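K.L.:
The following comprises the amino acid sequence and a computationally predicted model.
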Amino acid sequence: MKQAERIGWIDTLRAFAVFAIVLGHTLRNVTVVYPWLYSFHVPLCVLTSGIVFHVGQKKFGTFLKEKFRALMIPYYCFALISIALYAILGSKMEKTVEGGWWYDVSPLQSVIGMLYANSGTGLMRWNMPLWYIPMIFVLLLMAFWIFRSKDDLKWNITVFLSSALVAFILCEEIKLPNLPFGLETAIYMFPFFALGKVIGSIKGKFTRKSILAKIAVTVGCLAVGTFMTIGNGQVSYNADSYGTHGFGYFLVMATMLCVGFVSLAMCFPNGVTPINYVGRNTVGIMIMHKFPILFFVGLFPISKKLIGTYPLVASIMVVILSIGMCLAVSEVIYRVCPIVLGRRKR
């Protein structure tokens with residue numbers, strides 16, 4: 001969205017989704033919060049993209065160029081930086097963060113992993129969180145054709161239900177392999193994008209509801225979704241593994257949690273100004289946050305000790321510092337070479 005068109009609560013929602021992703025990449029050995037975060041953080045990010053998505057009169061070529069500049073140029077720039085650092089430092093620092101079983105990835109394998117752009121191959125160890133960028137790029141290209149000619153509430157609901165059915169069949173019955181640019185994950189996540197389109201179609205009506213109605217929806221959905229996470233195990237988007245009870249259960253669980261957080265964000269129509277700033281700069285955070293996390297978790301002795309002693313509190317502090325560092329570096333890049341973050345010159 002252009003600056004003048006931004007909606008406060010959506011920026012706040014996007015900021016929370018990114019915060020949840022970064023926290024999920026920082027937490028260690030927190031048996032309750034960790035699987036809870038993974039049960040919704042990626043779907044919530046995808047859903048926010050659906051809320052604001054609109055094709056308009058754009059031709060596919062124009063749309064493709066815009067999204068390639070906004071997403072894939074930052075992806076390739078920071079993938080190459082990550083590969084270079086990985087080649088210099090080796091896997092030692094990464095191993096201190098991940099722990100357990102490990103294997104090295106050669107520079108050639110790293111480049112192949114960058115071009116194939118699917119973390120499920122194991123060839124993106126140099127910066128695993130980058131898998132999201134090519135995945136959402138492919139998902140947006142799919143969305144262009146699906147919503148190009150129709151974009152109303154009835155159609156959006158139809159797409160949500162049909163894409164959920166298709167994703168369920170492909171995940172549970174066919175089990176798609178690791179496809180280029182994470183295409184299989186884009187298919188599995190598309191129902192949440194379509195749900196975002198549904199919410200975008202009705203957001204004007206819901207935002208006018210009383211605060212008590214919003215609180216009731218928030219509490220009800222979050223309670224049901226959180227209860228469903230109990231016993232479902234770990235969700236892994238890299239491995240396209242959606243918990244003990246399967247993809248259908250995950251779809252309902254993540255939908256409840258996402259709707260709950262959307263309703264919560266709507267309680268603050270103008271959003272929260274400092275948090276909105278984070279929501280306006282999510283690309284920089286998504287592609288850079290692994291660097292400060294590796295520093296705090298892998299190299300900085302004080303934070304390593306604190307995370308080991310007070311994992312949740314210390315991890316939240318590390319996330320706040322990491323996001324702040326990403327935002328500061330993003331501001332410098334915007335002024336020096338904005339194309340690196342997919343922006344035009346101001």
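P.N.:
Done, it's in.

K.L.:
contacting residues for residue 181?
P.N.:
By Cβ atoms under 8 Å, 6 or more residues apart in numbering, the contact set of residue 181 is 116, 117, 118, 134, 135, 137, 138. No exception for glycine: its C-beta is placed from N, CA and C like everyone else's.

K.L.:
Return the distance of it relative to residue 189.
P.N.:
Counting by Cβ to Cβ, to the nearest Å, the gap from residue 181 to residue 189 is 13 Å.

K.L.:
same deal with residue 284?
P.N.:
Distance from residue 284 to residue 189, by Cβ to Cβ: 22 Å.

K.L.:
Of those two, give the one with the bigger neighbour count.
P.N.:
Set residue 284 next to residue 189 and count neighbours by other Cβ atoms under 10 Å: residue 189 wins out with 26 against 23.

K.L.:
in which helix or strand would I find that one?
P.N.:
helix 183-207 (DSSP states H and E).

K.L.:
List the buried residues for that helix?
P.N.:
183-201, 203 (16 or more other Cβ atoms under 10 Å).

K.L.:
same deal with stretch 269-288?
P.N.:
For stretch 269-288, burial by neighbour count (16+ other Cβ under 10 Å) applies to 271-272, 275-276, 278-279, 281-288.

K.L.:
if we can go back for a sec, what packs against the helix holding residue 189?
P.N.:
The contact analysis (3 or more Cβ pairs under 8 Å, 6 or more residues apart in numbering; DSSP states H and E) places helix 183-207 against helix 41-52, helix 132-146, helix 153-169, helix 246-266.

K.L.:
For those, state which one has the densest average packing.
P.N.:
Of those, the one with the most neighbours on average (mean count of other Cβ atoms under 10 Å) is helix 41-52, at a mean of 25.

K.L.:
could I have it exported to CSV, CA atoms only?
P.N.:
Taking C-alpha atoms only, helix 41-52 is exported to CSV below (Å, rounded to 0.1, in the frame of the first residue of the first chain):
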residue,chain,number,x,y,z
HIS,A,41,2.8,-17.0,12.4
VAL,A,42,3.4,-17.8,8.7
PRO,A,43,-0.4,-18.1,7.9
LEU,A,44,-0.9,-14.7,9.6
CYS,A,45,1.8,-13.1,7.5
VAL,A,46,0.2,-14.5,4.4
LEU,A,47,-3.3,-13.4,5.5
THR,A,48,-2.2,-9.8,5.9
SER,A,49,-0.9,-9.8,2.3
GLY,A,50,-4.3,-11.1,1.2
ILE,A,51,-6.2,-8.3,3.1
VAL,A,52,-4.4,-5.6,1.1
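
K.L.:
and the buried residues of stretch 269-288 as JSON lines, adding pLDDT, distance to residue 8 and secondary structure?
P.N.:
As requested, the buried residues of stretch 269-288 are exported to JSON lines (pLDDT from 0 to 100; distance: Cβ to Cβ, whole Å; DSSP: H, G, I helix; E, B strand; the rest coil):
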{"residue": "271", "pLDDT": "81", "distance to residue 8": "3", "secondary structure": "coil"}
{"residue": "272", "pLDDT": "80", "distance to residue 8": "8", "secondary structure": "coil"}
{"residue": "275", "pLDDT": "90", "distance to residue 8": "9", "secondary structure": "helix"}
{"residue": "276", "pLDDT": "91", "distance to residue 8": "6", "secondary structure": "helix"}
{"residue": "278", "pLDDT": "94", "distance to residue 8": "12", "secondary structure": "helix"}
{"residue": "279", "pLDDT": "93", "distance to residue 8": "9", "secondary structure": "helix"}
{"residue": "281", "pLDDT": "92", "distance to residue 8": "15", "secondary structure": "coil"}
{"residue": "282", "pLDDT": "94", "distance to residue 8": "15", "secondary structure": "helix"}
{"residue": "283", "pLDDT": "93", "distance to residue 8": "19", "secondary structure": "helix"}
{"residue": "284", "pLDDT": "94", "distance to residue 8": "20", "secondary structure": "helix"}
{"residue": "285", "pLDDT": "96", "distance to residue 8": "18", "secondary structure": "helix"}
{"residue": "286", "pLDDT": "95", "distance to residue 8": "21", "secondary structure": "helix"}
{"residue": "287", "pLDDT": "95", "distance to residue 8": "24", "secondary structure": "helix"}
{"residue": "288", "pLDDT": "95", "distance to residue 8": "25", "secondary structure": "helix"}
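
K.L.:
Same list, the residues you listed, but as JSON lines with distance to residue 245 please.
P.N.:
JSON lines is the format used below for these (distance: Cβ to Cβ, whole Å):
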{"residue": "271", "distance to residue 245": "34"}
{"residue": "272", "distance to residue 245": "35"}
{"residue": "275", "distance to residue 245": "33"}
{"residue": "276", "distance to residue 245": "36"}
{"residue": "278", "distance to residue 245": "33"}
{"residue": "279", "distance to residue 245": "32"}
{"residue": "281", "distance to residue 245": "36"}
{"residue": "282", "distance to residue 245": "30"}
{"residue": "283", "distance to residue 245": "33"}
{"residue": "284", "distance to residue 245": "36"}
{"residue": "285", "distance to residue 245": "31"}
{"residue": "286", "distance to residue 245": "29"}
{"residue": "287", "distance to residue 245": "32"}
{"residue": "288", "distance to residue 245": "35"}
